[in-house]
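Participant: Below is the sequence, then the predicted model.
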Amino acid sequence: MAGIEITRHLSRMRRDWNRRARENARHYVVTGQQQWSDDEFYQSGQITLEEEILNDLTNICQGKDPKEMRVLEIGCGAGRVTRAFAGFFGEVWGVDISREMVRQAREACAGFSNAHVIRNNGKDLRAVSSPWRVRLGLARPIEFDFAFSFMVFQHIPNRGIIENYVREVHRLLRPGGLFKFQVQGSPLAEAEVRHSWVGVPFSERDVREMAARCGFEMRYQYGAGDQYYWLWFFKPQTA
């Protein structure tokens with residue numbers, strides 16, 4: 001039954017986010033206003049970079065040169081953060097379930113040869129690891145130095161889908177690397193979980209147990225009980 005439920009949720013998510021992207025992608029990505037100019041939308045991505053990356057470089061870069069880092073963004077939407085990341089990191093990969101969001105994100109990142117935007121199936125990262133390894137002539141799967149997701153998991157109504165993403169990030173993250181992401185933390189959301197807008201909430205116990213099951217060390221957290229519940233999951237240096 002779990003597999004059937006996940007399939008149903010993925011179908012709904014794909015359909016809903018394609019519809020939202022066609023109607024007004026930028027508004028659904030950042031709901032602060034109905035209409036966004038290019039400058040305003042891309043500047044909002046720069047603000048996310050400043051607030052969530054530049055203020056946290058010790059954890060994210062761990063002494064590495066950002067220009068030497070390969071990073072992953074889950075749920076890239078219309079590319080506002082992907083574009084900002086491409087100007088700071090050496091290589092950026094963004095994935096999204098929506099074909100229309102991916103199209104717009106590719107347009108947003110058209111001037112950045114180091115940015116790759118890929119449509120995935122909404123539950124794992126095979127679209128990144130398998131075909132691109134062959135295209136790039138790599139003997140091993142693509143590995144990432146850092147992974148990030150913001151305002152994405154808060155919309156996913158199935159805990160199994162989110163945990164599968166976390167497990168997939170662990171598979172592709174280099175030892176010692178950080179997955180910094182945000183989930184729905186408000187317990188009030190439980191009564192509102194529906195379709196693909198209000199996601200399933202996580203308690204502190206939920207996220208600690210998820211980290212352990214997926215092989216991560218949850219070193220920091222911020223915002224438990226709120227909509228924006230931030231988590232710092234580090235992959236151990238050794239298994």
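Facilitator: Structure received. Numbers count the residues shown, from 1 in each chain.

Participant: Bridged to Phe179, which residues?
Facilitator: With DSSP bridges applied, Phe179 shows beta-bridge pairing to Ala147, Phe233.

Participant: separation between it and Arg19?
Facilitator: Using C-beta to C-beta, to the nearest Å, Phe179 is found at 29 Å from Arg19. Bear in mind the C-beta positions are built from the backbone N, C-alpha and C, glycine included.

Participant: The two - which one has more neighbours?
Facilitator: Phe179 (26 against 12; other C-beta atoms under 10 Å).

Participant: quick one, what contacts that one?
Facilitator: 146-149, 166, 169-170, 173, 216, 231-235 (C-beta atoms under 8 Å, 6 or more residues apart in numbering).

Participant: for these, which one is nearest Ile97?
Facilitator: Distance to Ile97, by C-beta to C-beta, is smallest for Ser149 among these, at 12.6 Å.

Participant: so what's that closest one scoring on pLDDT?
Facilitator: If you check Ser149, the pLDDT there is 98.

Participant: what helix or strand does Lys123 sit in?
Facilitator: Element membership for Lys123, per DSSP states H and E: none, as it lies in no helix or strand.

Participant: Likewise for the one 5 residues further on?
Facilitator: Per DSSP H and E, Val128 falls inside helix 126-129.

Participant: For this structure, which segments count as strands?
Facilitator: Taking DSSP state E, the strands of the chain run over residues 70-74, 91-96, 115-119, 144-149, 173-183, 217-222, 229-234.

Participant: And the helices in this structure, which stretches?
Facilitator: 2-29, 38-52, 57-61, 80-86, 99-108, 126-129, 131-135, 159-172, 204-214 (DSSP state H).

Participant: can you pull the contacts of Glu52?
Facilitator: Phe148, Phe150, Lys180.

Participant: what's the closest non-adjacent residue to Gln33?
Facilitator: Excluding its sequence neighbours, the residue lying closest to Gln33 (C-beta to C-beta, 6 or more residues apart in numbering) is His27, at 7.2 Å.

Participant: quick one, phi psi at the residue lying closest to Gly176 once chain neighbours are set aside?
Facilitator: Of all residues not flanking Gly176 in the chain, Gln237 sits nearest, at 4.8 Å (C-beta to C-beta, 6+ apart). Here is the backbone geometry of Gln237 (degrees, to the nearest 10): phi -60, psi -30.

Participant: where's the nearest residue to Met210 once chain neighbours are set aside relative to His170, distance?
Facilitator: Distances taken as C-beta to C-beta, 6+ apart put Glu163 closest to Met210, at 5.5 Å, once the chain neighbours are dropped. Using C-beta to C-beta, Glu163 is found at 11 Å from His170.

Participant: what residues are shared contacts of these two?
Facilitator: Cys214.

Participant: Name the helix or strand of the chain that has the lowest mean pLDDT.
Facilitator: Least confident helix or strand, the chain: helix 131-135 with a mean of 61, by mean pLDDT, DSSP states H and E.

Participant: ok, back up a step: and the helix holding Val128, which residues are buried?
Facilitator: Neighbour-count burial for helix 126-129 flags Val128, Ser129 (criterion: 16 or more other C-beta atoms under 10 Å).

Participant: got it, and stretch 200-216?
Facilitator: In stretch 200-216, counting by 16+ other C-beta under 10 Å, buried: Val200, Pro201, Phe202, Asp206, Val207, Met210, Ala211, Cys214, Phe216.

Participant: residues near Arg106, how many?
Facilitator: That count, for Arg106 with other C-beta under 10 Å as the rule, works out to 19.

Participant: cool, and Glu91?
Facilitator: Count around Glu91 with other C-beta under 10 Å applied: 19.

Participant: now swap in Gly45 and tell me
Facilitator: Around Gly45 there are 23 residues (other C-beta under 10 Å).
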